[in-house]
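Asks: With the input below, show me the fold.
(one chain, ligands or ions: 1)
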Amino acid sequence: MSQDTFCVVFHAQIPFDRIPHQFKSGPMFLQALEDGLKKADADPSVKAVMICGENGKFSAGADIRGFSSPKTLGVALGPIVSLIESSEKPVVAAIEGVALGGGLEVALGCHYRVAHAKARMGLPEVTIGLLPGAEGTQRLPRLIGVPAALDMITTGKHIPATEALKLGLVDEIVEENTIEAAIRLANKVIGQPLGPRRLSLKPVPKLPNMEAFLQEAQVKVKRQARGFLAPELCFQAVQAATQRPFAEGVRRERELFQVLLSSGQAQALQYAFFAERAVHRWATPGGINLLFIIFDSILLLSLGLGTMGQGIVTSLVKANIPVVALEQNLEYLNKGRKAVMVLLEREAKKMEGGAQKLDFHNPARLQFTVDFNLLHDVDLVIEAVFENMALKKEIFHKLSNICKPGALLCTNTSALDIDEIASATSRPQQVIGTHFFSPAHVMRLLEIIYGRHTSPSAIATAMQLAKDMKKVGVVVGNCFGFVGNRMMFPYVEQAVFLLEEGSRPEAVDQVLEDFGFKIGPFRMSDLAGLDVGWRSRKGQGLTGPSLPAGSSARQRRGQRYSPLPDLLCERGRFGQKTGKGWYQYERAGGRTATPDPWIHGFLSQYRDTHRIETRYIDQEEILERCLFSLINEGFAILAEGIASGPEHLDVIYLNGYGWPKHRGGPMFYASTVGLPRVLAKLQKYSEAHPDVPKLRPSAFLKKLVAVGNAPLKEWMSYLSRQSPKL
Ligand SMILES: CCCCCCCCCCCCC[C@H](O)CC(=O)SCCNC(=O)CCNC(=O)[C@H](O)C(C)(C)COP(=O)(O)OP(=O)(O)OC[C@H]1O[C@@H](n2cnc3c(N)ncnc32)[C@H](O)[C@@H]1OP(=O)(O)O
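Replies: Numbering: from 1, shown residues only. Reported below is the predicted structural model:
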C-alpha cells in the first residue's frame with residue numbers, strides 16, 4: 001500500500017505555546033475534524049486514517065478559557081470521538097509531545113495509538129475542576145482496567161509513554177519519527193477486523209473483588225478531596241462504566257460534567273491555572289533589559305546544610321544544576337551530606353532512570369565542602385543559614401568580598417529585611433531574597449523578594465532559577481513576613497484570640513479543615529514547632545527578657561496580644577517534637593494529634609485569671625475571623641504595592657500554605673463571597689474588638705466596595721500607586 005492512500009485528516013495544534021485563543025476547540029475546529037473524517041470515510045482511495053498534531057505536539061485538550069463562556073463545547077467532542085471509532089477504516093493516532101484531556105480522548109477513539117518515547121499522556125480535567133467530558137471516563141477503563149483508569153482520572157497525573165505502553169494505553173512507542181511509525185502500523189492493519197479495536201464495544205475488565213475495590217477507592221478519594229468535588233465525580237463516572245452499558249455510561253458522564261461545570265469549583269481551579277502562568281509573565285515587561293542565566297552551565301553554591309539547605313540542594317540536583325554545598329565545619333557538613341544523600345536516594349527511586357539520571361555521585365554535579373575559597377567561582381549563592389540578622393550580615397559581607405563580581409547573592413529568609421542584609425555588601429543590586437518553603441525539595445512555592453536596590457536582571461535570574469527548579473516563583477516586595485507570612489500572622493492571631501474567648505484548638509482546626517485546609521492552624525503550629533514563633537517574638541521584644549517590666553499581659557504597644565503561645569513554650573510544649581503543644585502526641589516526635597484535657601483546663605484557668613467570660617463561638621465566626629483578617633491583610637499588601645496583583649497572593653497561598661485549590665486562593669475566595677460581605681463582617685468584628693488593628697478593614701477593600709464590588713481582574717486599576725519595579 002502506498003502512502004498516498006492515506007488521508008491525514010487532522011493537523012492541528014491544540015492550545016499550546018501561547019496559541020491565539022480563537023483556535024481550536026471552537027466549533028470551526030471540531031467541524032474541520034468531523035469534515036475530514038467524513039471525507040476520508042467517503043473516499044474509496046483512502047484505506048486508513050492517521051491523526052496527529054502539529055509541530056510535534058498532539059493536543060493539550062480543550063481550550064480551558066472556553067469553559068467560562070456560556071456556550072461551552074465541553075461535550076461536543078464526544079460524538080466526534082465516536083465518529084472516529086466507528087470509522088470502517090483503521091484510524092491510528094500518532095502521539096507526540098502531549099496528549100491531554102480532550103486530546104487523549106480523541107486518541108482513545110482511534111483504533112491504534114503510537115506514541116513517541118518522550119510523549120506524555122493524561123486526563124488532567126480533575127485538576128481544573130472537571131472530568132473527561134468526551135467519553136474518556138468510559139473508554140479508558142475498558143482499555144487499561146479500572147484501577148489504572150481510576151488512578152489517572154481522579155489524580156489527573158501525566159504519565160510517560162513508557163508507562164502508557166506498560167498499561168496498554170498505547171500499542172507502540174518509537175524513538176524516531178512517530179508519524180512514519182503510525183503510517184507503517186496503519187499499513188499493516190488494513191483489512192484486519194476493527195471490532196476488537198473499538199473500545200466502546202469492549203467490556204470493562206473484571207476484577208475478582210470489583211465492589212470491594214470500588215468501595216475502598218471511593219473512601220480514599222473522598223478522604224483526600226476534602227470538599228473538592230471533581231475527584232468524587234470522576235470516581236462516579238468511572239464507577240458508571242463498571243455498572244452500565246457504554247451509552248448509558250456516557251450519559252452519566254455528561255450529567256456529572258455539567259454538575260462540575262456549574263459548581264463554581266471549576267472556575268476557581270481554572271482561575272488558579274491561569275494565575276500561575278500570569279505570575280510568571282511579569283518577567284518580560286516591555287523595555288526592561290533582562291539577563292537570564294542558563295543554569296545548566298553555572299555553578300551554584302548553597303550555604304548552610306540545615307533542613308532548608310538540605311531541601312534546597314536536593315532541588316538543585318534534581319534540576320540538574322551543578323552545586324557546591326558549603327558548611328562552616330566538618331561535623332555539620334557530614335551530617336548535612338548524609339541527610340542530602342538520603343533525600344536524593346529517595347527522589348532517585350521515584351524517577352525513571354533513578355540515581356543515574358540524577359547523577360549525584362558525580363563531584364562535577366554535587367560536591368560538599370568547608371572551603372570558602374570555592375566561593376570565587378560560583379555564579380549564584382543561596383545562603384540558608386540560621387534566621388539571624390547579625391549572622392546573615394556577617395556572611396553577606398564575606399560573600400561580597402570573595403564572590404566574583406557578577407555573582408548573584410540570594411538569602412533564604414522567611415521574614416528578614418532584604419535591604420538590611422544587602423547593606424552589608426558592596427553590591428546591593430545583586431542581593432535578593434529567595435524564601436523557600438519546607439520541605440524545600442517538595443514545596444512548589446518560591447517567594448522572590450526584591451530589595452530597594454535589587455536589579456531587574458537579578459529578579460529575572462531568580463525567576464529563571466525557580467522555573468528550572470520546577471517551582472512557582474512569585475516576585476514580591478520587601479516587608480516583614482513578605483506576602484505569605486504577613487497574611488498568615490493575622491490568621492494565626494485570630495485563631496489564638498478565639499481560644500482566649502472560649503474556643504478550643506480542635507474546634508478551630510476542624511472548621512478550617514472542613515473549609516479545605518489540610519491542617520488547621522494549631523495542628524500546623526505543632527508541626528512547625530511553637531519555639532520558632534517564640535524565638536521571633538523574643539527577637540521583636542514582644543516576650544522574654546527584653547519585654548519592658550510592667551508590661552500588660554495581654555497588650556503590646558497599645559494592641560491586643562495573646563501570651564498563650566509563649567506560656568505553652570515556657571512549659572516546654574513546643575508541639576510534635578516534644579510530644580505536647582496545642583495537642584498531645586503519642587510520644588516526642590509523634591504525629592497523631594489528640595485533644596489534650598490539660599490544654600482545656602489550662603485555657604479555662606487562663607480565662608479565669610484574666611477575667612475573660614467564656615462564650616460559645618460558632619463555626620461561622622471562627623471561619624470569618626480567621627479568613628477575613630488574612631484577606632484584609634492581602635488588600636493592604638496590594639495597596640502598598642508589595643505584590644502586583646491578587647493572582648500573586650493566590651498563587652502564594654495555593655502553593656505554599658495549603659489553601660484549598662478548589663477555592664481558588666484567598667483573594668479569589670473573597671471575590672466569590674462578595675467584597676461587601678467581607679467588608680461588613682470585618683467592620684462588625686472590628687467594632688467588637690477595637691484593639692485588634694488587623695480586623696480594621698483596609699482602605700483599599702473599602703474603595704473596591706465603594707466603586708461597586710469591582711471584579712477581581714479590575715482591582716488593580718483602582719490603585720494609583722503601583723510598585724515601580726513590577
Ligand atoms: C487531537 C485533537 C484533540 C481535540 C480536542 C479539542 C477539542 C475540545 C472539545 C471539548 C472537549 C471537552 C472534554 C475534555 O475532556 C476537556 C478538556 O480537554 S479540559 C483541558 C485538559 N487539558 C489540560 O488541562 C492541559 C492544561 N495544560 C497543561 O497542563 C500545560 O499547559 C501543558 C500542556 C502541559 C504545557 O505546559 P508548559 O509547556 O509548561 O506550558 P504552559 O503551561 O506555560 O502553557 C503554555 C501556554 O498555553 C496555555 N495553555 C496550555 N494548555 C491550555 C489549555 N488546555 N487551554 C488554554 N490554554 C492553554 C497556557 O495558559 C500558556 O499560555 P499563557 O497563559 O502563558 O498565555
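
Asks: Now name the helix or strand holding residue 315.
Replies: With secondary structure defined by DSSP states H and E, residue 315 is part of helix 307-318.

Asks: Buried residues, that helix. List them.
Replies: 308, 309, 310, 311, 312, 313, 314, 315, 316, 317, 318 (16 or more other C-beta atoms under 10 Å). (Each C-beta comes from the backbone N, C-alpha and C, glycine too.)

Asks: Point out the other helices and strands that that helix packs with.
Replies: Contacts defined by 3 or more C-beta pairs under 8 Å, 6 or more residues apart in numbering; DSSP states H and E place helix 307-318 against strand 300-303, strand 323-326, helix 330-350, strand 431-436.

Asks: ok, the residue found closest to residue 406 once you drop the neighbours it is linked to in the chain - how many residues close by?
Replies: Take residue 406 and drop its neighbours on the chain: the residue closest to it by C-beta to C-beta, 6 or more residues apart in numbering is residue 379, 7.0 Å away. As a burial measure, residue 379 scores 20 neighbours (other C-beta atoms under 10 Å).

Asks: list the contacts for the closest residue to the ligand within the stretch 501-650 of the chain?
Replies: At 11.3 Å from the ligand, residue 647 is the closest residue in the stretch 501-650 of the chain, using C-beta to the nearest ligand atom. Counting by C-beta atoms under 8 Å, 6 or more residues apart in numbering, residue 647 touches 274, 275, 278, 279, 665, 667.

Asks: Am I right that it falls within a helix?
Replies: Yes: counting by DSSP: H, G, I helix; E, B strand; the rest coil, residue 647 is part of a helix.

Asks: need the contact list for residue 222.
Replies: Counted by C-beta under 8 Å, 6+ apart, residue 222 has contacts residue 232.

Asks: what stretches of the chain score poorly on pLDDT?
Replies: Counting by pLDDT under 70, the chain shows low-confidence ranges at 1-29, 69-75, 282-302, 353-356, 721-726.

Asks: domain parsing for it?
Replies: 7-262, 295-476, 503-609, 620-718 (automatic domain parsing).

Asks: With residue 492 as the reference, name the closest of the ones you listed.
Replies: Nearest to residue 492 among those is domain 503-609; the distance by C-beta to C-beta comes to 5.3 Å.

Asks: Could you list every helix and strand that the helix or strand containing residue 627 packs against?
Replies: Using DSSP H and E, residue 627 sits in helix 619-639. Helix 619-639 sits against helix 484-501, helix 505-515, helix 646-656, helix 666-673, helix 675-688, helix 699-706, with contacts defined as 3+ C-beta pairs under 8 Å, 6+ apart.

Asks: The third one to helix 484-501, inter-axis angle?
Replies: Spelled out, that is helix 646-656. Between helix 646-656 and helix 484-501, the angle comes out at 70 degrees (axes from the mean of the first three to the mean of the last three C-alpha atoms, to 10 degrees).

Asks: and helix 646-656, how far from the chain's centre?
Replies: Centroid separation for helix 646-656 versus its chain: 9 Å, with C-alpha atoms, centre = their mean, to the nearest Å.

Asks: Look at the residue of the stretch 201-350 of the chain found nearest the ligand and say how many residues are nearby.
Replies: Of all residues in the stretch 201-350 of the chain, residue 277 sits closest to the ligand, at 3.7 Å by C-beta to the nearest ligand atom. With neighbours defined by other C-beta under 10 Å, the count for residue 277 comes to 12.

Asks: name the element it belongs to?
Replies: Assigned by DSSP H and E, residue 277 falls in helix 265-281.

Asks: buried ones in that helix?
Replies: Those buried within helix 265-281 under the rule 16+ other C-beta under 10 Å are 265-273, 275-276, 278-280.

Asks: same thing with stretch 448-461?
Replies: 448-451, 453-461.

Asks: give me the element the nearest residue to residue 76 once chain neighbours are set aside is part of.
Replies: In space, and not counting its chain neighbours, residue 76 is closest to residue 30: 5.9 Å by C-beta to C-beta, 6+ apart. Using DSSP H and E, residue 30 falls within helix 27-42.

Asks: tell me what that helix is packed against?
Replies: strand 6-12, helix 77-86.

Asks: Quick one: name the residues of the stretch 251-400 of the chain near the ligand.
Replies: By C-beta under 6 Å from any ligand atom, the residues of the stretch 251-400 of the chain that approach the ligand are 274, 277.

Asks: How many residues are close by residue 390?
Replies: 8.

Asks: Run the angle between the helix or strand where it lies and strand 431-436 for me.
Replies: Under the criterion of DSSP H and E, residue 390 resides in helix 389-402. Counting by the same axes, to 10 degrees, helix 389-402 lies at 120 degrees to strand 431-436.

Asks: So which bits of helix 389-402 are buried?
Replies: So for helix 389-402, counting by 16+ other C-beta under 10 Å, buried means 392, 393, 395, 396, 399, 400.

Asks: With respect to the ligand, which of those is nearest?
Replies: If you rank these by distance to the ligand using C-beta to the nearest ligand atom, residue 399 comes first, at 33.0 Å.

Asks: quick one: the residue nearest to the closest one when sequence neighbours are not counted and residue 389, what's the gap?
Replies: Setting aside the residues directly before and after it, residue 399 is nearest to residue 409 in space (C-beta to C-beta, 6+ apart), at 5.3 Å. Distance of residue 409 to residue 389, computed by C-beta to C-beta, to the nearest Å: 15 Å.

Asks: what do you get for residue 474?
Replies: Distance from residue 474 to residue 389, by C-beta to C-beta: 24 Å.

Asks: and if you look at residue 565?
Replies: Relative to residue 389, and taking C-beta to C-beta, residue 565 is found at 22 Å.

Asks: now do residue 85
Replies: 66 Å.

Asks: next one: residue 588
Replies: Residue 588 is 31 Å from residue 389, by C-beta to C-beta.

Asks: Next one: the closest residue to the ligand within the stretch 401-550 of the chain relative to residue 635, how far apart?
Replies: Closest approach between the stretch 401-550 of the chain and the ligand, counting by C-beta to the nearest ligand atom: residue 467, at 9.1 Å. Distance of residue 467 to residue 635, given as C-beta to C-beta: 29 Å.

Asks: Could you check which of the two has the larger neighbour count?
Replies: Neighbours per residue (other C-beta under 10 Å) separate residue 467 from residue 635, with residue 635 holding more: 26 against 17.
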